[in-house]
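Asker: Got a sequence here, can you model it:
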Amino acid sequence: MKIHFEGAARTVTGSKFLLKGDDTPTILLDCGLYQGRDDRHNRNRKLGFDPAEVDMVILSHAHIDHSGLLPRLVREGFKGSIYTTEPTRALCEIMLADSAFIQQSDFNFRQKHHVDEDDGEPLYDFDDVAATMKLFKTLPYNSWEQVHEKVTIMFTYIGHILGSACVNLRVKEGRKTHAIAYTSDIGRRNQQIIKGWEPFPQAEVIITESTYGDRLHETAGDTTEHLLRTVRETCVENKGKLIIPSFSIGRTQEIVYSLDRLATEGKLPPIKVFVDSPLSTNATDIIKSFPEHFNKEIIKYMERDANPFGFANLHYVRDAKYSKQINKLDEPCIIISASGMVEAGRILHHINNNIENPRNTILFVGYCEPSSLGGRIRGGAKKIKLFGKELDVKARIDSIDAYSAHGDRDEMTEYLKCQQPHLIKHLFLVHGIQKVQENYKAHLEQSGFHHIQIPDRGEVFEI
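Answerer: Below you'll find the model as predicted:
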């Protein structure tokens, strides 16, 4: 059997890993949209394989950099099943539709304004999304399920976002049964809302992420204090706006939950808080509908506050008309809006209207691919280009990585320690920047792991 690394190899987005054997079904692990400026056109339009030859997709979670090219895969000929968890399917229904809407809207804008950053026709449309959703099949956690005479799957909790899972595979090839684990994105040891990660079955081949392989996050207490301090400095002392680019699933709900707790404790200043994203609003409704996947801490908190995602002065904004009114609002406020990498959506307008005001703060609460607009702002750019015009970055730029849904170096290492290193024949590091991956590899080797490889895009390894 061979593994083809077609995405998220020495970069952080666009996960696509193909498993091909001589007498086994062809399996695709994730089919994610590449988010970034470098070579985005080719990376998203050229999958690197024939979709019609793929027999099944196993989807780890709903984030667009893992699921966002599924409708493109279907448009180009894939007709197999897409296996995932029930919450992931529910989230994908809104995530993929939103992605199709954004692509069409961006295309229309470029056409109307003759913007030179033209990626061509949209990758897919709503019909492609509808066709894709018909192929989804959901599986439970912690149960081996046979989906083909030669393929058995078990999902285990990974603690990244609602519905996320480590994909555990048993694939028969001739007389050999391959034990493969794809961790996808490893969550935090102690998540604020969902259950954290659990041990996963011993594997001979592991494909695992490495996003924060060279750093450690703040503690939960430090994170809340950092958020509150930023709110007070921006909105009370400077009388400015706090703009928070945030991923719609997971990150937005954690920020809202933190603000909810601060409000309950009487610490949050009496300012308006807007969640300005239809997708974030819809995602919050879905997350609230799966309390069986919540952790004990939030369940206990809900005994005191039945709605941990709602408090006085919090406003969820769906209508574009009200979104535009927020930009005209001349008073301190907090605006949480997608996308987290500032690549699309209403956050672009909030950045456009607020980045040149030194009273304001743009607070990043998760990873940004370096070539994305968010990555460039966070990286210290003095000027940016947005909607065809150049803007000076005068707002204060801040970040809190601890809100990331990704575990840090020590958390990822601890997660892997449920494995016996001498039984692992291949350990592939994906979903990371190469320099970070090299540092993480050295750390893992010091922790007793061996046979570690860092695949490049397009590389093929025999297992």
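Asker: all helices for this structure, in order.
Answerer: Chain-ordered helices for the chain, with DSSP state H as the definition, fall at 40-45, 64-67, 70-75, 86-113, 126-133, 220-231, 251-264, 278-288, 296-301, 320-328, 347-354, 373-378, 409-416, 434-446.
Asker: Now do the third one, average pLDDT.
Answerer: This means helix 70-75. Confidence for helix 70-75, expressed as mean pLDDT, is 98.
Asker: Likewise for the second one?
Answerer: Averaging the model's pLDDT scores along helix 64-67 yields 96.
Asker: One more: the longest one?
Answerer: Averaged across helix 86-113, the pLDDT comes to 89.
Asker: May I have the phi/psi pair for the closest residue to Y257 other than its chain neighbours?
Answerer: With C-beta to C-beta, 6 or more residues apart in numbering as the measure, P308 is the residue that lies nearest to Y257, at 5.2 Å, once sequence neighbours are left out. The way it works is simple: take the backbone N, C-alpha and C, and place the C-beta from them, glycine included. Dihedral pair for P308: phi -80, psi 0, per degrees, to the nearest 10.
Asker: In a markdown table, list the helices of the chain along with mean neighbour count and distance to K385.
Answerer: As requested, these are exported to a markdown table (neighbours: other C-beta atoms under 10 Å; distance: least, C-beta to C-beta, whole Å):
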| stretch | mean neighbour count | distance to K385 |
| --- | --- | --- |
| helix 40-45 | 16 | 16 |
| helix 64-67 | 27 | 23 |
| helix 70-75 | 25 | 27 |
| helix 86-113 | 19 | 13 |
| helix 126-133 | 17 | 30 |
| helix 220-231 | 16 | 27 |
| helix 251-264 | 21 | 26 |
| helix 278-288 | 21 | 25 |
| helix 296-301 | 13 | 41 |
| helix 320-328 | 13 | 19 |
| helix 347-354 | 21 | 11 |
| helix 373-378 | 22 | 9 |
| helix 409-416 | 20 | 34 |
| helix 434-446 | 17 | 27 |
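Asker: Which one of those lies nearest to G458?
Answerer: The closest of those to G458 is helix 40-45. By C-beta to C-beta, the value is 11.1 Å.
Asker: how distant is that closest one from the center of its chain?
Answerer: In terms of C-alpha atoms, centre = their mean, to the nearest Å, the gap separating the centre of helix 40-45 from the centre of its chain is 19 Å.
Asker: Among the helices of the chain, which comes closest to D456?
Answerer: Distances from D456 to each of these were compared by C-beta to C-beta, and the smallest falls on helix 434-446, at 8.5 Å.
Asker: Determine the set of other helices and strands touching the closest one.
Answerer: Contacts of helix 434-446 with other secondary structure elements, assessed using 3 or more C-beta pairs under 8 Å, 6 or more residues apart in numbering; DSSP states H and E, are made with helix 409-416, strand 426-430, strand 452-453.
Asker: 10 Å instead?
Answerer: Applying 3 or more C-beta pairs under 10 Å, 6 or more residues apart in numbering; DSSP states H and E, we find helix 434-446 packed against strand 205-209, helix 409-416, strand 426-430, strand 452-453.
Asker: Which of the ones you listed sits closest to P332?
Answerer: Nearest of those (C-beta to C-beta): helix 409-416, 34.9 Å.
Asker: what distance separates that closest one from the middle of the whole chain?
Answerer: Taking mean C-alpha positions (C-alpha atoms, centre = their mean), helix 409-416 and its chain are 19 Å apart.
Asker: for stretch 122-135, same thing?
Answerer: 20 Å.
Asker: May I have that stretch as PDB, with CA atoms only?
Answerer: Listed in PDB are the C-alpha atoms of stretch 122-135, where the atom choice follows Å, rounded to 0.1, in the frame of the first residue of the first chain:
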ATOM      1  CA  PRO A 122     -16.000  29.300  -8.600                       C
ATOM      2  CA  LEU A 123     -14.700  25.800  -7.600                       C
ATOM      3  CA  TYR A 124     -18.300  24.600  -7.100                       C
ATOM      4  CA  ASP A 125     -21.800  25.700  -6.600                       C
ATOM      5  CA  PHE A 126     -24.800  24.900  -4.400                       C
ATOM      6  CA  ASP A 127     -25.900  22.000  -6.700                       C
ATOM      7  CA  ASP A 128     -22.500  20.400  -6.100                       C
ATOM      8  CA  VAL A 129     -22.900  20.800  -2.400                       C
ATOM      9  CA  ALA A 130     -26.300  19.200  -2.400                       C
ATOM     10  CA  ALA A 131     -24.900  16.300  -4.400                       C
ATOM     11  CA  THR A 132     -22.100  15.900  -1.900                       C
ATOM     12  CA  MET A 133     -24.300  15.900   1.100                       C
ATOM     13  CA  LYS A 134     -26.200  12.900  -0.300                       C
ATOM     14  CA  LEU A 135     -23.000  10.800  -0.100                       C
END
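Asker: Show residues contacting that stretch.
Answerer: Defining contact as C-beta atoms under 10 Å, 6 or more residues apart in numbering, one finds that stretch 122-135 is touched by 31, 33, 41, 44-45, 56-57, 67-76, 78-83, 89, 92-93, 95-108.
Asker: now it: mean pLDDT?
Answerer: Averaging the model's pLDDT scores along stretch 122-135 yields 97.
Asker: picking up where we left off before, go through the helices and strands packed on helix 434-446 and name the closest to T281.
Answerer: Once the helices and strands packed on helix 434-446 are compared by C-beta to C-beta, strand 205-209 is nearest, at 28.2 Å.
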